[in-house]
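Visitor: model the structure of this input:
(2 chains)
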Amino acid sequence: MPNKTFFWFFLPTGLAMILFIGLPIISTGIQSFYAQHDQVVKEVKKCDPFGCTVSIVVDNEETSKIREAKPLGKFNGFGTYTDRNHLAVDEIKKFWNETESFGAFIDQVTNLPFYKALIFTLTYCLFVTPNVLLLGFIIALSLNAVARKIRGPLIFGTILPMIVTPLVGSLVLFWMIDSQGIIGANIQNLMNDPYLSLKSSKTLTWITIIIYGIWHHSPFAFVVFYAALQTVPQEPIEAAIIDGASRFQRIKHIVLPHIYPVVTFVALISLMDNFRVFEPIIGFSAEGSAQSLSWLIYDNLVNEEVILFGSAAATSMMTIIGIAILLAPVLIRTWKEFKTAR
Amino acid sequence: MDYGLDTKSTRLKTFNTIFIITWLLIACFPFIWTFWGSFKVRADFFSRSDWWYAISAFNTLIETGGQFTTNAYTQAWTEGEFWKASKNTIIVTVFVVSISLFLGTLGAYALSRSTEKYAFWILMAALIFRAMPHITLVSGYLFPFFELQIWGILPTTIVVLVAINQPFTLWLLYSFFKTVPKELDESALIDGCSYFQAFRHIIMPVMWPGVITAGLFSLMLAYNDFTVTALLLNQENHTMVPKIQSYLGTNQHEGNLMWAVSAVVSATAPLFMLVMFFQRQVISGLTAGAVKG
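Guide: Numbering: from 1, shown residues only, chains lettered A, B, ... in the order given. Next up is the predicted model:
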């Protein structure tokens, strides 16, 4: 296709992506260097028969004037990145000097908002991704063995958790697991502990969200693995059966190597999706004990008094860097393949 | 897959059946339970005293005189203004799907027929864009949208959702266009068609399965989106998912949980119907990128 034709065909979609994905990333980058204006204060002298007092009040008029003149806020450089709510450089230095053991230091650091969120996000990715791959593969193997006639409805039932939006999916589970729901109430009875509830324990909350993640993402892995299983050649399997290979050996030495590229694809996609975990935290109302990077950004953007654009943008930039680190190996590999292919 | 030589032991078969039944229960029961519970009153579905009330409908009988009640639905749809939210969702979904497909088919066709190096780089860039968490993009939109005073209205959200959806649509349609033989449009070009005419009259008619799949995924994205719609739309224009969240209540105001339950059922039912109908397309879409490419 000539370049000119290509240009006109690609222009609309290219323009949409540049304007609404490319530019916003740049806009986020710029915003992260600015912080909202401080409020202008003035001294007000108040006199009554008992003498005069000077109090400090917020000058709303002046404040809004400054805000209007410079809506982006004041230039803050890397200030937002290093403040307490983000990388917390000063605090970490302080903790390093003050705490006695390394454990105590880690304890202090993981209580800072950004690191707390980072640790939750990574834990979530670390536990959900491998389990999704495993469960998806087992379901695919298992469904592949049932009669073809009844597979349709079974597949439909299997993919349900995936097609609902994460908020609805987590709500549906939360209403059951909550202390007033069917599962929660029964667990309370079983454990004989009427105060046992999701909100009471951080570990329980984390486990629930991770289980939700596995429930929600496994169907995707299943669908891809199931399709890949259909393409596994029959001859090597039959040869293996004649040679006396066990079922497990056949899977390990024939099926898995055949679908290996698909496994990396699913792992990559599910890692990318898990890294942006956010809606389940709202669905499970777990803000108290579990915060993710995306949730931090959301929280800044729905702030009641003044939207913290700078703070949200700084967290966003660091999230994007995180994504880049996750994607780097794949991109490098693809580039190498592309270079050797030429 | 037929196993041919592979004879199965009955023990393995039983184990397999038990496993599938357990998994299906885990996957489907939450939805069935929510559907069942949406016809009860709050004191039953979220019972403080006994979870069995949700089945025996103890309070529903006292409050409404029947085993089942549709109060939650009527209230959410009228008082809760869920009708408005569903109207907004329909508008957003229809526009996002049609615009996405229009832009996506043009772009993906060009990518699949180009032999230049930049086509590869564009696909890589699309992959990176696909990986961006939506909330980071929203944090980039909010400030400029406030300044331009286009925040809160449906057209802005539609355009944003179309753009966010493009990387995935491009990849999906690209892999479908690759399966259409090049000779088909080349012969049309020799016969004197322009590229656009070849695209419009020769390629599109054989591309319907791919277009339907891509359309379904755009639909699911627009229909299910929470991040963009919750932050870019004002109260008045909220679509279904942010509306459901608003029923949950916050620290400041008490929500109405039964409204949320019935709204969840109302929002999920059409989606399930659609997927039941188009199951084959959904699965072919999910696997297109993975198995063929």
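
Visitor: what segments of chain A are strands?
Guide: Using DSSP state E, the strands of chain A run over residues A:34-35, A:41-48, A:51-58, A:74-75.

Visitor: how far away is A:Cys125 from A:Ser55?
Guide: 51 Å (Cβ to Cβ, to the nearest Å). Heads up, the C-betas are built off the backbone N, CA and C, glycines and all.

Visitor: give me the below-cutoff pLDDT ranges for chain B.
Guide: Scanning chain B for pLDDT under 70 picks out B:1-8, B:250-255, B:286-293.

Visitor: what about A:Cys125 and A:Ser55, which has more around it?
Guide: Under the criterion of other Cβ atoms under 10 Å in any protein chain shown, the comparison of A:Cys125 against A:Ser55 puts A:Cys125 first, with 23 against 9.

Visitor: now do stretch A:18-25, average pLDDT.
Guide: The pLDDT scores in stretch A:18-25 average 92.

Visitor: can you give me the end-to-end span of it?
Guide: 10 Å (Cα to Cα, to the nearest Å).

Visitor: so how far is that stretch from its chain's centroid?
Guide: 20 Å (Cα atoms, centre = their mean, to the nearest Å).

Visitor: how about the residues of the stretch 51-200 of chain A that lie near chain B?
Guide: Residues of the stretch 51-200 of chain A lying close to chain B by Cβ under 8 Å from any Cβ of the partner chain are A:71-72, A:138-139, A:142-146, A:152, A:154-161, A:163-168, A:171-173, A:175-176, A:178, A:180-182, A:185-186.

Visitor: rerun that using 7 Å as the cut-off
Guide: A:71, A:139, A:142-146, A:154-158, A:160-161, A:163-165, A:167-168, A:171-173, A:175-176, A:180-182, A:185-186 (Cβ under 7 Å from any Cβ of the partner chain).

Visitor: give me the element the residue nearest the centre of chain B is part of.
Guide: With distances taken as Cα atoms, centre = their mean, B:Met220 lies nearest the centre of chain B, 1.7 Å away. Take DSSP states H and E as the rule and B:Met220 turns out to sit in helix B:208-224.

Visitor: what's the first helix or strand after that helix?
Guide: helix B:227-232.

Visitor: A:Ala312 is in contact with A:Ile297, isn't it?
Guide: Yes. A:Ala312 lies in contact with A:Ile297 (Cβ atoms under 7 Å); the separation is 4.8 Å.

Visitor: do the helix or strand where B:Trp83 lies and chain A meet at all?
Guide: Using DSSP H and E, B:Trp83 sits in helix B:82-113. Yes. Contact of helix B:82-113 with chain A (Cβ under 7 Å from any Cβ) involves B:103-104, B:106-107, B:109-110, B:113.

Visitor: give the contact list for A:Lys59.
Guide: In this structure residue A:59 is Asp, not Lys. A:40-42 (Cβ atoms under 7 Å, 6 or more residues apart in numbering or on different chains).

Visitor: against A:Gly288, how distant is it?
Guide: Taken as Cβ to Cβ, the span from A:Asp59 to A:Gly288 is 36 Å.

Visitor: what bits of the stretch 101-250 of chain A have low per-residue confidence?
Guide: Residues of the stretch 101-250 of chain A meeting the criterion pLDDT under 70: A:199.

Visitor: rerun that using 80 as the cut-off
Guide: In the predicted model, the stretch 101-250 of chain A carries pLDDT under 80 at residues A:148, A:179-181, A:192-200.

Visitor: got the domain ranges for the chain?
Guide: You didn't say which chain, so I picked chain A. A:78-105, A:114-302 (automatic domain parsing).

Visitor: wait, chain B
Guide: Taken from automatic domain parsing, chain B resolves into B:10-69, B:80-292.

Visitor: is the first one in proximity to chain A?
Guide: Yes. Among the residues of domain B:10-69, B:16, B:19-20, B:23-24, B:26-28, B:30-31, B:33-34, B:46-48, B:51, B:54 lie within reach of chain A under Cβ under 7 Å from any Cβ.

Visitor: once you drop chain neighbours, what's closest to A:Arg247?
Guide: In space, and not counting its chain neighbours, A:Arg247 is closest to B:Leu12: 7.7 Å by Cβ to Cβ, 6 or more residues apart in numbering or on different chains.

Visitor: now do the same for the one you found: helix, strand or coil?
Guide: Three-state assignment for B:Leu12 (DSSP: H, G, I helix; E, B strand; the rest coil): helix.

Visitor: export the contacts of A:Asp59 to TSV and tack on pLDDT and distance to chain B?
Guide: Below are these laid out as TSV (pLDDT from 0 to 100; distance: Cβ to the nearest Cβ, whole Å):
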residue	pLDDT	distance to chain B
A:Val40	75	21
A:Val41	76	25
A:Lys42	77	28
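
Visitor: A:Ser201: which of those is nearest?
Guide: A:Val41 (43.1 Å; Cβ to Cβ).

Visitor: hang on, the closest one packs against A:Ile56?
Guide: Yes. A:Val41 lies in contact with A:Ile56 (Cβ under 7 Å); the separation is 5.1 Å.

Visitor: and these two? which has more neighbours close in?
Guide: Legend: neighbour count by other Cβ under 10 Å for A:Val41 and A:Ile56, higher for A:Val41 (12 against 9).

Visitor: who does that one form a beta bridge with?
Guide: Applying DSSP bridges to A:Val41 yields these beta-bridge partners: A:Val58.

Visitor: would you mind listing what in the stretch 151-293 of chain B touches chain A?
Guide: Contacts of the stretch 151-293 of chain B with chain A, taken as Cβ under 7 Å from any Cβ, map to B:159-160, B:162-164, B:166-167, B:170, B:195, B:220, B:224, B:226, B:231, B:241, B:244-245, B:264, B:267-268, B:271, B:275-276, B:279, B:283, B:286-287, B:290-291.
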